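> Next input, structure requested:
(one chain, ligands or ions: 1)
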Amino acid sequence: MFLVSVVFGVFVVVRTEVLLKWLRVLRSLAEGYPVESELRGWSWQFPPVRPRSYLGLAVQDAASYCPTKRDVWLRRVAGVRVQPTPSMKLGSVVHDVVFSVVSVVRKYVSVGLDFEKLSRAIGRAIELKSRECPSDECVKIARSIGWLTYYTATSEWLWSSSGVIPTPATAALSEVRVDGSPIGLSSSLRIDSLPIPNVVVDIKTGRKTEVHELSLAAYALALESTLETPVDFGILVYVWWNSSLQVDIRGVYIGPDLRRVFLDSRDEAIDIVLSRREPPKAAECPQTCPYLEVCEHENTRS
Ligand code: SF4
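Just a heads-up that it's a prediction; the model follows:
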């Protein structure tokens, strides 16, 4: 099977109890179908993990959403630059709001919680980030996810201080930088969160796609190449608006099949850049692709 994952529908940012429930499910998958050492990031000196060339690819190149990988060619060979689309801006605002709220909570927790001051600081942080929104819906999502993150972070902190849970969500490392160069990726990859060293968390605002699971494999292999420690589990957090804020959390086992698909996809991207071969336009393009106009124009010319 290409991808092994299970879905729980929940309406919170990742709480510790949700994470632990997922780990129970994913661990049993890992025990039934473990990852061989040759597919670990620490095997970066040998194929199949060793890349044909070290091009410093972005995760979006190695795990491209374009069915023909034409976006890789446009970005890295043709040098096409496009403006961020509304959905890209939404993604960026959601990330900024979540990390800004977590860092404000952390700051106040370290000097003793004063909830009145803290909630005012959170309100200011959320409004500041929401100003970058391209639409009213984005503002609603930004405010809702901001306050949800605040309630999750503070309640976890209170629970952990009373010994109910071992580690609060706010203690998780967020926006972690990792060197992906041993596996042919950028030396400065950014992981949304590492709640536990063998779990990567990625927050998404677009439609669900299997490509997101390839991104988790990229981060896991990059971490393994640096930390020499297995990273087998991923959590995808999907955020969208449907009359109210919706959040769905999906656990992913970063197993042998997913790793192989990722490595093939990375190698295909490297081949496109090295050969400079122009891939055809895809038969079906995601409507959120920032290159829609560029590819349409090329079609009209031909
Ligand atoms: S418009 Fe279609 S073919 Fe062009 S890059 Fe996007 S997905 Fe690929």
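
> Only C-alpha atoms from now on, for both contacts and neighbour counts.
Fine.

> count of neighbours near S275?
9 (other Cα atoms under 10 Å).

> And the pLDDT for it?
For S275, the pLDDT comes out at 98.

> how far away is it from L57?
With distances taken as Cα to Cα, to the nearest Å, S275 is found 15 Å from L57.

> In the stretch 101-250 of the chain, which residue sits closest to the ligand?
V211 (12.6 Å; Cα to the nearest ligand atom).

> Is that residue in contact with D61, as I believe?
No - contact criterion Cα atoms under 8 Å: V211 and D61 do not qualify, at 11.0 Å.

> Those two: who's more crowded?
Neighbours per residue (other Cα under 10 Å) separate V211 from D61, with D61 holding more: 24 against 16.

> So for that one, what pLDDT did the model give?
So, for D61, pLDDT stands at 96.

> cool, and E213?
Confidence score, pLDDT, at E213: 97.

> who touches P230 in this structure?
Neighbour list for P230: R40, N198, E224 [criterion: Cα atoms under 8 Å, 6 or more residues apart in numbering].

> same question for the helix or strand containing W159, mean pLDDT?
Under the criterion of DSSP states H and E, W159 resides in helix 136-161. Across helix 136-161, pLDDT averages out at 87.

> my guess is C285 contacts R70, does it?
No - the criterion here is Cα under 8 Å, and C285 misses it with R70 at 10.6 Å.

> These two - which one has more neighbours?
Shown here are C285 and R70; by other Cα under 10 Å, R70 has more neighbours (24 against 15).

> Doesn't V231 belong to a strand?
No - under DSSP: H, G, I helix; E, B strand; the rest coil, V231 sits outside any strand and is assigned coil.

> Hmm, L223 and it touching each other?
Yes - contact status for V231 versus L223: in contact at 7.2 Å, counting by Cα under 8 Å.

> Cool, thanks, talk later.
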